[in-house]
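>>> predicted model and sequence below, questions to follow.
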Amino acid sequence: MTSTLFRNARIFTPLQSDRPLAGPEQGRVHVVPRGALLCTNGLIAAVGPEEEVLRKALRGELDLEVDCRGACMIPGFVDPHTHICFAARREREFALRLAGKSYLEILQEGGGILSSVEAVRSASEEELYRFTLKNVLSALRHGTTTMEIKSGYGLSTEAELKMLTVIDRIARETPLDVAATFMGGHAVPREYKDNPEAFVDLLVNEMIPAAARQGIARFCDVFCEQGVFSVTQSRRILQAARTAGFRLRIHADEVHDLGGAGLAAELGTVSAEHLLAANEANLKAMAASGVIADVLPATAYSLKKPYAPVRRMIELGVPVALATDCNPGSSFTESVPFVFGLGVLAMDMTVEEALTATTLNAAWSVEMHHRVGSLEEGKQADFLLLDGESPAILAYHAGVSSVMEVYKKGVRVA
């Protein structure tokens, strides 16, 4: 048994509930002006006012004591939506978008996701792992201790399973906890351009069962969007995934109000992601169904689009999580501090709401809320020390990471 005491910290954390925090609850954060955290065997044995934790610590043997010197301590970030497993950047397409081409135009011309598919299919498993690892470790340095990673740049059974194998290796060979998502329904590959229904058949009859047999992915996601998969096609894909044992996610209403948010409510998916164009009726339905909104402000920033209506989501009682959407095309960032700042400064979230969105609600989104996302007894000692007095530093000190130290299960990892 090993025990470490972290003392003299300003602790800010949301507190666990029986559901994701929504409405006024999203902004309620527990604050301990002079706090301490006792970690035993990677778990939080005590956390709270320093004097109380010290009394408990003194009853046992301590292996190490760390003076946090008044730094702000928050839970490790949980990034609930990434496409960080890829094999090549798409810098040229960024220039095309700046010159006026839309995201969907680039996709329809064979760029976008389809260019990433070419890179992943041609890369060896080792090459894909090395490319992914570099970005994952950068995310760790920026404070991400738990991450969702999607497949979706393979679009064939063999290539999708290769991606999931790499994602599993990232989970085993890095400090992060990883939630793997199968997303064979990310786009229609070139070979099925003239017959997308045949690709849906392939997804339902071959790819989803193969991913289920492989046993790495917990979730299945689909890109429900004009020019990609219709609501009807998305429903069929997700229903097949549920039958195969997957938990469900959905890319919904990113560019057009196609009704993906309504489908999320209908099926009771764990999350609906993007939601820039979702209508209010479907947001209300999401709130009623308890669907988490995974909002991706760095994507809106990169695509120069209006941001998702987060203030209205919170007013309607939709639980909101924030994520990077790290990918080589529309959001090449692995920095949750950047996303946190966009949440506060571009979407009018309070600092407390943004903290909950990047920690506890994000943990609910990947169904790891029982282990991570808040600093409470019995959970993993995953936390960050910030170069500031409060989480506001993440938005206030713009353009840099205010994360000084990253701890996973009580051990410093960055």
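Perfect, I can see it now.
>>> quick check: the residue nearest the centre of the chain vs residue 371, distance?
What sits nearest the mean C-alpha location of the chain, by C-alpha atoms, centre = their mean, is residue 80, with 1.7 Å. Distance, residue 80 to residue 371, using C-beta to C-beta, to the nearest Å: 14 Å. C-beta here means a position set from N, CA and C on the backbone, and glycine is covered the same way.
>>> follow-up on the earlier one: surely the residue nearest to the centre of the chain meets residue 149?
No. When contacts are counted by C-beta atoms under 8 Å, residue 80 is not listed as touching residue 149 (10.5 Å).
>>> which residues do the two both contact?
Shared contacts of residue 80 and residue 149, defined by C-beta atoms under 8 Å, 6 or more residues apart in numbering, comprise residue 179.
>>> what is the closest residue to residue 366 other than its chain neighbours paired to in the beta sheet?
Spatial nearest neighbour of residue 366, excluding adjacent residues (C-beta to C-beta, 6 or more residues apart in numbering): residue 179 at 4.0 Å. For residue 179, the beta-bridge partners are residue 148 (DSSP bridges).
>>> number of residues surrounding residue 179?
26 (other C-beta atoms under 10 Å).
>>> you'd agree it is up against residue 148?
Yes. Here residue 179 reaches residue 148: they are 4.4 Å apart, a contact under C-beta under 8 Å.
>>> now do the shared contacts for the two.
When contacts are counted by C-beta under 8 Å, 6+ apart, residue 179 and residue 148 are jointly contacted by 80, 219, 366.
>>> do you know the pLDDT at the first one?
Right, the one you point to is residue 80. Predicted confidence (pLDDT) for residue 80: 99.
>>> averaged pLDDT, stretch 88-96. What do you get?
Stretch 88-96 carries an average pLDDT of 90.
>>> same question, stretch 15-26
Averaging pLDDT along stretch 15-26 yields 98.
>>> and for stretch 221-235?
97.
>>> now it: buried residues?
By neighbour count with 16 or more other C-beta atoms under 10 Å, stretch 221-235 contains the buried residues 221, 222, 223, 224, 225, 228, 229, 230, 231, 233, 234, 235.
>>> excluding residues flanking it in the chain, which one is nearest residue 258?
Residue nearest to residue 258 in three dimensions, not counting chain neighbours: residue 226, with 5.7 Å by C-beta to C-beta, 6+ apart.
>>> how about residue 11, phi and psi?
As for residue 11, its main-chain torsions (degrees, to the nearest 10) stand at phi -100, psi 130.
>>> can you count the residues close to the residue nearest to residue 369 when sequence neighbours are not counted?
In this structure, residue 369 finds its nearest non-sequential neighbour in residue 363, 4.3 Å apart by C-beta to C-beta, 6+ apart. Counted with other C-beta under 10 Å, residues neighbouring residue 363 total 30.
>>> mind checking pLDDT for residue 103?
pLDDT, read off for residue 103, is 75.
>>> hang on, it packs against residue 304?
No. In this structure residue 103 lies outside contact range of residue 304 using C-beta under 8 Å: 10.2 Å.
>>> which one of these two has more residues nearby?
A count of neighbours by other C-beta under 10 Å puts residue 103 above the other of residue 103 and residue 304, at 22 against 8.
>>> and the more buried one, how far from residue 131?
22 Å.
>>> cool, residue 188 as well?
24 Å.
>>> which of the two has more neighbours?
Taking other C-beta under 10 Å, residue 188 and residue 131 do not tie; residue 188 has more neighbours (24 against 21).
>>> hang on, the earlier thing: for the residue nearest to residue 366, give me its contacts.
Per C-beta under 8 Å, 6+ apart, neighbours of residue 179: 80, 146, 147, 148, 149, 218, 219, 366, 367, 368.
>>> what do you get if the cut-off is 10 Å, keeping everything else the same?
By C-beta atoms under 10 Å, 6 or more residues apart in numbering, the contact list for residue 179 reads 78-80, 82, 146-150, 167, 171, 217-219, 247, 249, 363, 365-368.
>>> what of residue 194?
Applying C-beta under 10 Å, 6+ apart, the residues contacting residue 194 are residue 188.
>>> wait, residue 223 sits on residue 253?
No. If you go by C-beta atoms under 10 Å, residue 223 and residue 253 don't touch, sitting 11.0 Å apart.
>>> so what's in contact with these two at the same time?
With contacts defined as C-beta under 10 Å, 6+ apart, the residues shared by residue 223 and residue 253 are 260, 273, 274.
>>> excluding its backbone neighbours, what's nearest the last one?
In this case it means residue 274. Residue 274's closest residue in space is residue 254 (C-beta to C-beta, 6+ apart), at 3.7 Å.
>>> check what pLDDT the one you found gets.
So residue 254 comes in at 96 (pLDDT).
>>> tally of neighbours for it?
28.
>>> what does the one 5 residues further on give?
Look at residue 259: counted by other C-beta under 10 Å, it has 19 neighbours.
>>> chain neighbours aside, what residue packs nearest to it?
In space, residue 259 is closest to residue 231, 4.9 Å off (C-beta to C-beta, 6+ apart).
>>> the one you found contacts residue 282, doesn't it?
No. Using C-beta under 10 Å, residue 231 is not in contact with residue 282; the gap is 11.0 Å.
>>> what do these two both touch?
252, 259, 260, 262, 263, 266.
>>> would a markdown table of the residues you listed with distance to residue 398 and secondary structure be doable?
Output for the shared contacts of residue 231 and residue 282, formatted as a markdown table (distance: C-beta to C-beta, whole Å; DSSP: H, G, I helix; E, B strand; the rest coil):
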| residue | distance to residue 398 | secondary structure |
| --- | --- | --- |
| 252 | 30 | strand |
| 259 | 36 | coil |
| 260 | 32 | helix |
| 262 | 36 | helix |
| 263 | 37 | helix |
| 266 | 40 | helix |
